[in-house]
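*Asks:* Here is a sequence with its predicted model. Questions after.
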Amino acid sequence: GAGVSQSPSNKVTEKGKDVELRCDPISGHTALYWYRQSLGQGLEFLIYFQGNSAPDKSGLPSDRFSAERTGGSVSTLTIQRTQQEDSAVYLCASSLGLAGVNEQFFGPGTRLTVL
Amino acid sequence: AQTVTQSQPEMSVQEAETVTLSCTYDTSESNYYLFWYKQPPSRQMILVIRQEAYKQQNATENRFSVNFQKAAKSFSLKISDSQLGDTAMYFCAFRYGGATNKLIFGTGTLLAVQP
């Protein structure tokens, strides 16, 4: 079956603009995660959803970042008034649930460049 | 707070030889999971191997195996018979076994397999 998909693959924007990044999880996966990978860094957790609720949004770096998930499926990560330090690869992952080992399957990411 | 440390930013190995990537972590929890992910230039994160902390036996997946030393909080990855396709960034990751399902990643080791 299809894996996790993300769009766009690459996004170049100007400082101060808003951007929306989209994630389509694997069908039937109830949990969805957003991570950020800055140049030369590991992945940094941003937020996760169980269904449409976000029990842990502790990783969102500022109030310019928000995310939502609708219908227990697609999620959108929105960055308002983008700054150059927001440039990174944004990765989305999904898992069947939360219990047990519960492998997270990752999408190919969106590379965001803020000029 | 849990932390994951990968002290080898880059490593190189000859094709068909064996290489070991190091990972240490810090946690006060007893119930957790450990993972190694591979990220090739395509950016797609791929799960290589996983280990449940309650299992004493080291996990093995074909040419990949781990040396899990719970008391020392060490989780190294051994790749046997290295292949050119193993060239990638490798990330060690920790997940608490409780309700918070986020992965905590190390900064990665860039492995180059030389022909």
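*Replies:* Thanks, I have the structure now.

*Asks:* only C-alpha atoms for contact and neighbour calcs from this point on.
*Replies:* Noted.

*Asks:* Now tell me which helix or strand of chain A has the poorest mean pLDDT.
*Replies:* Ranking every helix and strand in chain A by mean pLDDT, DSSP states H and E puts strand A:53-56 at the bottom, with a mean of 90.

*Asks:* That one: how far from the chain's middle?
*Replies:* Distance of strand A:53-56 from the chain centroid (C-alpha atoms, centre = their mean, to the nearest Å) equals 13 Å.

*Asks:* tell me which strands and helices the very next helix or strand once past that strand is in contact with?
*Replies:* Scanning forward in sequence from strand A:53-56 by DSSP states H and E, the next helix or strand is strand A:65-69. Packing partners of strand A:65-69 (3 or more C-alpha pairs under 8 Å, 6 or more residues apart in numbering or on different chains; DSSP states H and E): strand A:75-79.

*Asks:* how far off strand A:65-69 does the strand it packs on point, in degrees?
*Replies:* In terms of direction (axes from the mean of the first three to the mean of the last three C-alpha atoms, to 10 degrees), strand A:75-79 departs from strand A:65-69 by 170 degrees.

*Asks:* how much space between A:P108 and A:L32?
*Replies:* 14 Å (C-alpha to C-alpha, to the nearest Å).

*Asks:* Can you report phi and psi for B:L84?
*Replies:* Main-chain torsions, B:L84, degrees, to the nearest 10: phi -60, psi -30.

*Asks:* cool, and the one 3 residues further on?
*Replies:* Note on B:T87: backbone dihedrals following degrees, to the nearest 10 are phi -60, psi 120.

*Asks:* How about the contacts made by it?
*Replies:* B:40, B:110-113 (C-alpha atoms under 8 Å, 6 or more residues apart in numbering or on different chains).

*Asks:* Now render those residues as JSON lines, adding neighbour count.
*Replies:* Output for those, formatted as JSON lines (neighbours: other C-alpha atoms under 10 Å in any protein chain shown):
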{"residue": "B:P40", "neighbour count": "17"}
{"residue": "B:L110", "neighbour count": "20"}
{"residue": "B:L111", "neighbour count": "21"}
{"residue": "B:A112", "neighbour count": "20"}
{"residue": "B:V113", "neighbour count": "20"}
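
*Asks:* Appreciated, that's everything.
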